[in-house]
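> any chance you can model this:
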Amino acid sequence: MEFPDGKYAWMVKIGEKGQFVIPKEAREMFDLQPGNEILVLGDVKRGLAILPREKQSEYVTRIFSEIDDGKQVD
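Coordinates of the predicted model:
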């Protein structure tokens, strides 16, 4: 399967404890190191999104500003 430039997808398995491993290529691409914190967002219609710490503030600010402006966040 081909994706547009800069877009990626990986398959992972969920273990018995609900854990999964972020693929090595993704960890390297996003410079994720042991001990880093990530934010997991969930939407029952759209699924899950995982954000590294440096993107959390940007996305949370956008989400809340759209809610405050009365816009529907898709």
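> please report the residue range of the longest helix in this protein.
helix 53-68 (DSSP state H).
> export only the CA atoms of that helix, formatted as CSV.
Only the C-alpha atoms of helix 53-68 are listed here, as CSV (Å, rounded to 0.1, in the frame of the first residue of the first chain):
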residue,chain,number,x,y,z
ARG,A,53,5.0,15.8,24.1
GLU,A,54,6.2,18.6,21.7
LYS,A,55,3.0,18.4,19.7
GLN,A,56,0.6,18.1,22.7
SER,A,57,0.2,21.8,23.5
GLU,A,58,-0.4,22.7,19.8
TYR,A,59,-3.1,20.2,19.3
VAL,A,60,-4.8,20.6,22.6
THR,A,61,-4.9,24.3,22.1
ARG,A,62,-6.4,23.9,18.7
ILE,A,63,-9.0,21.5,20.0
PHE,A,64,-10.1,23.7,22.8
SER,A,65,-10.1,26.9,20.7
GLU,A,66,-12.4,25.2,18.2
ILE,A,67,-14.7,24.1,21.0
ASP,A,68,-14.7,27.6,22.4
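> just use 22 as the starting number from now, easier for me
Will do, 22 is the new start, and the previous item becomes helix 74-89.
> what's around the closest residue to residue 80 other than its chain neighbours, how many residues?
Distance criterion C-beta to C-beta, 6 or more residues apart in numbering; nearest residue to residue 80, sequence neighbours excluded, is residue 72 at 5.8 Å. Glycine gets a C-beta too; all of them are placed from N, C-alpha and C. Neighbourhood size, residue 72 [other C-beta atoms under 10 Å]: 17.
> the strand or helix carrying residue 72: partners in the sheet, and parallel or antiparallel?
Residue 72 is part of strand 68-73, with elements assigned from DSSP states H and E. Partners of strand 68-73 in the sheet, by DSSP bridges, are strand 59-64 (antiparallel).
> hey, what's the angle from the partner strand to helix 74-89? Just curious.
30 degrees (axes from the mean of the first three to the mean of the last three C-alpha atoms, to 10 degrees).
> where's the residue sitting nearest the centre point of the chain relative to residue 55, distance?
Central residue of the chain (C-alpha atoms, centre = their mean): residue 71, 1.8 Å from the mean position. Taking C-beta to C-beta, to the nearest Å as the measure, residue 71 falls 16 Å from residue 55.
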